[in-house]
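Peer 1: This is a predicted model, with the sequence first.
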Amino acid sequence: MDFKKILYTIGLSLLFFNASAQQALLDQAEKEYNNYAYADAIAIYEKLVAKGFEDQKMFQRLGNAYYFNADLAKASIWYDRLFAISAQQEPEYLYRYAQSLKAAGDYVKADKMLEEFNKKSSADTRGILFAGNRNYLEQIKGNSGRFAIYPAGVNSESSDFGSAFLGNSLVFSSARQIENKEGKTFKWTNKSFTNLYIAPINADGSTGSPLLLNKEINSKFNESTPVFTKDGKTMYFTRNNYLDGKRGKDGQNITLLKLYKASFIDGNWTNITELPFNSDEYSTAHPALSVDEKKLYFASDMPGTFGQSDLFSVLINPDGSYGRPENLGAQINTEGRETFPFISADNQLYFATDGRPGLGGLDIVVAEMMQDGTYGQVQNVGEPVNTRSDDFAFIINSVTRKGYFSSNRKGGAGSDDIYGFTETRQLVCERTLTGTVTDNKTGAVIAGAVLTLVDEDNREVAKVQTADDGSYSFTCSCNKKYTVRAEKKQYPPKENTVVIAIAAENKLDLKLEKPVIALLENPEIKGVKVGTDLAKTLNISMIYFDLGKWNITDKAAAELNKILAVMEEYPSMKIDIRSHTDSRSSAQSNMILSDKRAKSIVSWLTSKGIDADRLKGKGYGESKLLNRCKDGVKCSEEEHLKNRRSEFVISSM
């Protein structure tokens, strides 16, 4: 007997058996994964890994299964293995890996993955938002520390989430085990299906014992995330596609989510109907009501969705019918997940997203709802509400500033928990504007310059002086346009405008010039004496006044700053200000107007610190014309312009 052949045959049989068993496990895992039974798929895949099997597709599936089950820290382990096999992955894996790395606390590596993601998907909003907001962690830090949080007192060892106010009660979803669920589990998580519960909110903010909302609402599948009208008579809520004992499925035999409406009649929630824009082929979930209750907001992956799920709104017509759902648009939605909307009484839209730069998983963000239907800047609400984990389902009482949110963070009672909070400081988007004031000629910093911050309505917001190093700073509102004016003796004022960006450093340097002093260093200019007209010597343009007016315009001020600088350089100098007009209009009115203009110039100079006894102002009207352009003589505009002038004659030194 040839023992070598026998052993060889046995070895081949064992290998074939192992390969067959391995393939059978892989096939079973794929089936569970494709049926969204992620918990079962994970168990099978991990058995294969324990047996030494390694495969790129399997690591993709393992990472995804944990990712979709909101266990991002474990997802990062398998995405690590995936990228160790090959760094050349589809862009979505780069994004999921980055999110998972954040959950594991590795923000440096996460940002590198996001950089690669942005290179591969340059048109993806998520990458664009990251590229334009590299300092997002600092911004989130600036928004943090505004909430005192605590466990809500209704949590169990199972998943508890998605709360809503109903009078002085809290209604929420829970997967805690109860008899009427017939022991069935939700294959996605292998946990019990969720029901709606209600618990009283006590005067001190604590909650009483939760009770089932009522049997007609709670089916044998998932119910979650209700919202109630102010009168407490209507509820919108989320449920699996199940009504009147009939379970609906999509083309892949999956039961998705739908929105339902119920009425409170004789102490019970009844008359359950599904909303007409639902479909067996996509999910609608997590309803929210506008302040006037004329619009319903919700999350969906219906056609027209930008990403994995978007926020939509739909009109509720007076007759109870509904309009056509509308996507909230690119101001709100990304290619990621936008979900769990809530609208506060002060018209702030809160929602959860993983499509914007954040701490990891779903982060809660907020945007102001404008009267024109647009939205303000989306801002992360910061820690401790947001963490590396999934944080979502935020609701707030706009008067008391108390509310609730849900999270699967570490240290909770179950997989998801509800937390209460008090907002101690409201979020106002502010950024710091910094800069330095220097001499344009020498580059030297200018200390003690007065900086004035002026808003778009020309209102003075703040005033500071530059420090010894020439620096200054202002606290400004995001996305607002400001003018910064710098003033310093011997320098004409300098103004620049800036729009305050939320996602970038805001810096505005100003350089002041000494054009007059430079002129005075010229030997010809140094020869000024009594009788010299500084307007001619310093090449000052005519002082611009609006037609028939005598107030100092910005153009006039720019020229007068040259006179101001000379008088500050020569503190004993006195000047005689003489204002002239052309011959148009009557001689009397021209005399009055020119005199007002001369005195207006005197007033402006004294307001800048020049002593009144150093100034004399008089108007001469059309009495000292420089050319032939008298009354009745036809002259060009250029000829008339020569007569419209102001003279600044040195009367003493």
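Peer 2: Thanks, I have the structure now.

Peer 1: shaky segments in the chain?
Peer 2: Residue ranges of the chain with pLDDT under 70: 1-21, 179-191, 503, 515-527, 541-548.

Peer 1: What are the structural domain limits within it?
Peer 2: Annotated domains of the chain cover 29-122, 147-423, 430-513, 516-652 [automatic domain parsing].

Peer 1: With distance to Gln23 and mean neighbour count added, can I get the ones you listed in JSON lines?
Peer 2: Where you see a C-beta, it was placed from the backbone N, CA and C, and this is true even at glycine. Shown next, in JSON lines, are the domains of the chain (distance: least, C-beta to C-beta, whole Å; neighbours: other C-beta atoms under 10 Å):
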{"stretch": "domain 29-122", "distance to Gln23": "10", "mean neighbour count": "19"}
{"stretch": "domain 147-423", "distance to Gln23": "23", "mean neighbour count": "18"}
{"stretch": "domain 430-513", "distance to Gln23": "50", "mean neighbour count": "16"}
{"stretch": "domain 516-652", "distance to Gln23": "81", "mean neighbour count": "16"}
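
Peer 1: wait, which of those domains is closest to Leu137?
Peer 2: With C-beta to C-beta as the measure, domain 29-122 is the member of the domains of the chain nearest Leu137 (6.6 Å).

Peer 1: Would you work out how far apart the start and end of that closest one are?
Peer 2: 34 Å (C-alpha to C-alpha, to the nearest Å).

Peer 1: next one: it to chain centre, how far?
Peer 2: Distance of domain 29-122 from the chain centroid (C-alpha atoms, centre = their mean, to the nearest Å) equals 29 Å.

Peer 1: Taking the centroid of this protein, which residue is nearest it?
Peer 2: Most central in the chain under C-alpha atoms, centre = their mean is Val378, positioned 2.8 Å from the mean C-alpha point.

Peer 1: Which residue comes closest to it once chain neighbours are left out?
Peer 2: Spatially, and ignoring its direct neighbours in sequence, Val378 is nearest to Ala367 (4.5 Å; C-beta to C-beta, 6 or more residues apart in numbering).

Peer 1: My understanding was that the residue nearest to the centre of the chain contacts Gly358; is that so?
Peer 2: No - applying C-beta atoms under 8 Å as the test, Val378 and Gly358 come out as separate, 10.8 Å apart.

Peer 1: who touches both of the two?
Peer 2: Residues within reach of Val378 and of Gly358 at once, by C-beta atoms under 8 Å, 6 or more residues apart in numbering, are Val365.

Peer 1: quick one on the thing from earlier: format the domains of the chain as a markdown table; extra columns: distance to Asn133.
Peer 2: Below are those laid out as a markdown table (distance: least, C-beta to C-beta, whole Å):
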| stretch | distance to Asn133 |
| --- | --- |
| domain 29-122 | 11 |
| domain 147-423 | 5 |
| domain 430-513 | 4 |
| domain 516-652 | 36 |
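
Peer 1: and Gln22, which of those is closest to it?
Peer 2: Nearest to Gln22 among those is domain 29-122; the distance by C-beta to C-beta comes to 6.1 Å.

Peer 1: now the helices for this protein?
Peer 2: Here the chain has its helices, by DSSP state H, at 3-34, 38-50, 56-68, 72-85, 91-103, 107-120, 125-131, 136-143, 515-520, 523-526, 534-537, 554-569, 587-607, 637-643.

Peer 1: Now do the fifth one: everything it contacts.
Peer 2: Same thing as helix 91-103. 60, 63-64, 67, 72-73, 75-76, 79, 82-83, 89, 107, 109-111, 113-114, 116-117, 120-121, 124, 126, 336, 354, 358-361, 388-389.

Peer 1: can you check the fourth one too?
Peer 2: When contacts are taken as C-beta under 8 Å, 6+ apart, the neighbours of helix 72-85 outside the stretch itself are 54, 56, 59-60, 62-64, 66-67, 89, 93, 96-97, 99-104, 106, 360-361, 388-390.

Peer 1: Please repeat the previous calculation with a cut-off of 7 Å.
Peer 2: Applying C-beta atoms under 7 Å, 6 or more residues apart in numbering, the external contacts of helix 72-85 come out as 56, 59-60, 62-63, 66-67, 89, 93, 96-97, 99-101, 103-104, 360-361.

Peer 1: just the angle between it and helix 56-68, please?
Peer 2: Relative orientation of helix 72-85 versus helix 56-68 (axes from the mean of the first three to the mean of the last three C-alpha atoms, to 10 degrees): 160 degrees.

Peer 1: Helix 72-85 vs helix 107-120, what angle?
Peer 2: Going by the same axes, to 10 degrees, helix 72-85 is angled at 60 degrees with respect to helix 107-120.

Peer 1: can you give me the angle helix 72-85 makes with helix 91-103?
Peer 2: Using the same axes, to 10 degrees: helix 72-85 against helix 91-103 is 130 degrees.

Peer 1: Only alpha carbons, please: show helix 72-85 as PDB.
Peer 2: Extracted in PDB, the C-alpha atoms of helix 72-85 (Å, rounded to 0.1, in the frame of the first residue of the first chain):
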ATOM      1  CA  LEU A  72     -17.400  53.100  14.600                       C
ATOM      2  CA  ALA A  73     -14.600  52.200  16.900                       C
ATOM      3  CA  LYS A  74     -14.800  48.600  15.900                       C
ATOM      4  CA  ALA A  75     -15.400  49.500  12.300                       C
ATOM      5  CA  SER A  76     -12.000  51.300  12.300                       C
ATOM      6  CA  ILE A  77     -10.300  47.900  13.300                       C
ATOM      7  CA  TRP A  78     -11.600  46.300  10.100                       C
ATOM      8  CA  TYR A  79     -11.000  49.300   7.900                       C
ATOM      9  CA  ASP A  80      -7.400  49.200   9.200                       C
ATOM     10  CA  ARG A  81      -7.100  45.700   8.000                       C
ATOM     11  CA  LEU A  82      -8.700  46.600   4.700                       C
ATOM     12  CA  PHE A  83      -6.300  49.500   4.000                       C
ATOM     13  CA  ALA A  84      -3.400  47.300   5.000                       C
ATOM     14  CA  ILE A  85      -4.300  45.000   2.200                       C
END
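
Peer 1: Make 522 the starting number, not 1.
Peer 2: Happy to do that; since the first residue is 522 now, the last one works out to helix 593-606.

Peer 1: can you give me the angle it makes with helix 559-571?
Peer 2: Using the same axes, to 10 degrees: helix 593-606 against helix 559-571 is 40 degrees.

Peer 1: returning to what we had before: out of the domains of the chain, which gets nearest to Glu659?
Peer 2: Set against Glu659 and scored by C-beta to C-beta, the domains of the chain come closest in domain 951-1034, at 10.0 Å.

Peer 1: quick one on the thing from earlier: so the residue nearest to Val899 makes contact with Tyr896?
Peer 2: Yes - using C-beta atoms under 7 Å, Ala888 makes contact with Tyr896 at a distance of 4.4 Å.

Peer 1: For the two, list the residues in contact with both.
Peer 2: Joint contacts of Ala888 and Tyr896 (C-beta under 7 Å, 6+ apart) are 853, 870.

Peer 1: what about the strands in the stretch 672-821 of the chain?
Peer 2: Here the stretch 672-821 of the chain has its strands, by DSSP state E, counting those that start in this stretch, at 681-687, 690-695, 706-707, 712-713, 716-721, 732-733, 744-749, 755-761, 763-764, 767-768, 778-786, 789-795, 805-810, 816-821.

Peer 1: Which residues does the last one contact?
Peer 2: In other words, strand 816-821. By C-beta under 7 Å, 6+ apart, the residues outside strand 816-821 that reach it are 757, 780, 803-810, 830-837, 859-862, 864.
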